[in-house]
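Peer 1: Any chance you can model this:
(one chain, ligands or ions: 3)
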Amino acid sequence: MSTSEVLHVNTPEGPGYDVLVGRGLLGQMGTLLGERVRKVLVIHPRALRSTGEAVREALVADGFEAMTAEIPDAEEGKRVEVAAFCWQVMGQSDFTRSDAVVGVGGGAVTDLAGFVAATWLRGVRWLAIPTTFLGMVDASVGGKTGINTAEGKNLVGAFHPPAGVIADLGALETLPRNELVAGMAEAVKCGFIADERILELFEADIEAATDIKSEAFLEILRRTIAVKAEVVGEDLKETGRREFLNYGHTLAHAIEHAERYQWRHGAAVSVGLVFAAELGRLVGRTDDPTADRVRSVLELLGLPVSYRADRWKTLLSTMRRDKKSRGDHLRFIVLDGQGRPGVLEAPEDHLLFTAYQEVAE
Ligand SMILES: NC(=O)c1ccc[n+]([C@@H]2O[C@H](COP(=O)([O-])OP(=O)(O)OC[C@H]3O[C@@H](n4cnc5c(N)ncnc54)[C@H](O)[C@@H]3O)[C@@H](O)[C@H]2O)c1
Ligand SMILES: O=C(O)C(=O)C[C@@H](O)[C@H](O)[C@H](O)COP(=O)(O)O
Ligand SMILES: [Zn+2]
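Peer 2: Ligands and ions are numbered 1, 2, ... in the order given. Presented below is the predicted three-dimensional model:
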């Protein structure tokens, strides 16, 4: 990958936006924000205080009036109280519709920052500066923004695409390996729903695939962003194909909720992918080699492929609040083969229970 590579994401209105991937890209913020923006709120988690400050300083050097809002780490930051804190900072600093938000951090931060931008004055510009692998390949691209509620994951939010995404690969150098690998569950997901080459790269050399300095790693990163960008560019508001990006997420979000968000999103997605593969196999839609491969690629990465047997009833009731549900009907994404995702409508509870036995421990 060259020092700076650009992928473009289409939006239904306007020119769309660019995802910049490379190093030393903070100087691009001014161009992405545009000429009208004067004030910028940089939202970052406690754990990334110096990165947040570096972003603020780069904005000031570029002529912006920039301030920071430090928020709690990880899912603790995706709460309405945290959004209210950001709204308060913006209110007290007289942020107008021509001002902007920059979210610097993992997916939890960019989800929250995008939500703050979507709701402030009914919508201002925002930039995503993802600092995790998952943030770069998935959360920062596509304009799904949101927060959790006591009842579940991402239950409140808005579709509000960013004005640009800056994926600075240097950020990954401090990312703990378990975070990096957890994020790779989303890359595996994209491998199964769209781009088999991603799976081949994991299977060919798992060490290289998880080494941020390797060509294989960069190819996985680039291909995963490309899958996401292509899908959301065609279906921003999830009226069709975008649901396929939710493969594995129905159970995953219920596990995260049951674990009070102490499990990483990617780890929960890993179990959710295996569950959905088993469900697809059970109803005769996913062939054995594909279903077996889902489990084996995730095991290769050392990601979890099972969850507590005693939690089934709780998980089932949480899954009913999944955004793909319609009335009493649960809906799941399953694979009709490699690269062929589809929707499974209203599977009966006994089928869900039987599929769950394949991941229950
Ligand atoms: N909007 C979307 O389309 C979308 C897509 C996928 C996931 N998500 C959301 O993203 C979230 C998960 O994102 P995540 O996996 O990035 O987790 P995260 O944002 O919780 O970050 C994980 C941890 O890594 C730390 N961290 C972040 N960058 C770091 C760095 N460069 N160096 C050291 N530590 C760093 C964080 O402080 C945090 O403790 C979930 O809330 C999930 O729902 C959203
Ligand atoms: O972008 C999408 O669409 C996705 O489903 C990507 C998922 O990886 C992501 O976790 C997303 O936030 C889940 O969305 P939700 O609508 O189920 O909350
Ligand atoms: Zn996800």
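Peer 1: what bits of the stretch 101-250 of the chain have low per-residue confidence?
Peer 2: For the stretch 101-250 of the chain, no stretch has pLDDT under 70.
Peer 1: For burial, what's the neighbour tally of the one residue in it that gets nearest to ligand 2?
Peer 2: Among all residues of the stretch 101-250 of the chain, residue 154 sits closest to ligand 2, at 3.3 Å; criterion: CB to the nearest ligand atom. Heads up, the C-betas are built off the backbone N, CA and C, glycines and all. Residue 154 is flanked by 19 other residues according to other CB atoms under 10 Å.
Peer 1: Quick check, residue 29 in contact with residue 102.
Peer 2: Yes. Using CB atoms under 8 Å, residue 29 makes contact with residue 102 at a distance of 7.1 Å.
Peer 1: So between those two, which is more surrounded?
Peer 2: Using other CB under 10 Å, the more surrounded residue of residue 29 and residue 102 is residue 102, with 32 against 25.
Peer 1: what mean pLDDT does the helix or strand where residue 30 lies have?
Peer 2: For residue 30, the element it lies in under DSSP states H and E is helix 29-33. The average pLDDT within helix 29-33 is 97.
Peer 1: How about the residues of the stretch 151-300 of the chain by ligand 2?
Peer 2: Residues of the stretch 151-300 of the chain lying near ligand 2 by CB under 6 Å from any ligand atom: 154, 186, 238, 242, 245-246, 249.
Peer 1: And the furthest pair within the residues you listed?
Peer 2: Within these, 186 and 238 form the most distant pair, 16.4 Å apart (CB to CB).
Peer 1: need the helices for the stretch 51-200 of the chain, in chain order.
Peer 2: 80-92, 107-119, 133-134, 177-193, 196-204 (DSSP state H, counting those that start in this stretch).
Peer 1: Contact partners for residue 52?
Peer 2: By CB atoms under 8 Å, 6 or more residues apart in numbering, the residues touching residue 52 are 42-44, 68, 70, 104.
Peer 1: mind putting those in CSV, distance to ligand 1 and neighbour count included?
Peer 2: Formatted as CSV, those follow (distance: CB to the nearest ligand atom, whole Å; neighbours: other CB atoms under 10 Å):
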residue, distance to ligand 1, neighbour count
42, 15, 28
43, 12, 30
44, 9, 27
68, 15, 18
70, 11, 17
104, 9, 29
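Peer 1: Out of those, which two are the most distant from each other?
Peer 2: Spatially, the most separated pair among these is 70 and 104, at 10.6 Å (CB to CB).
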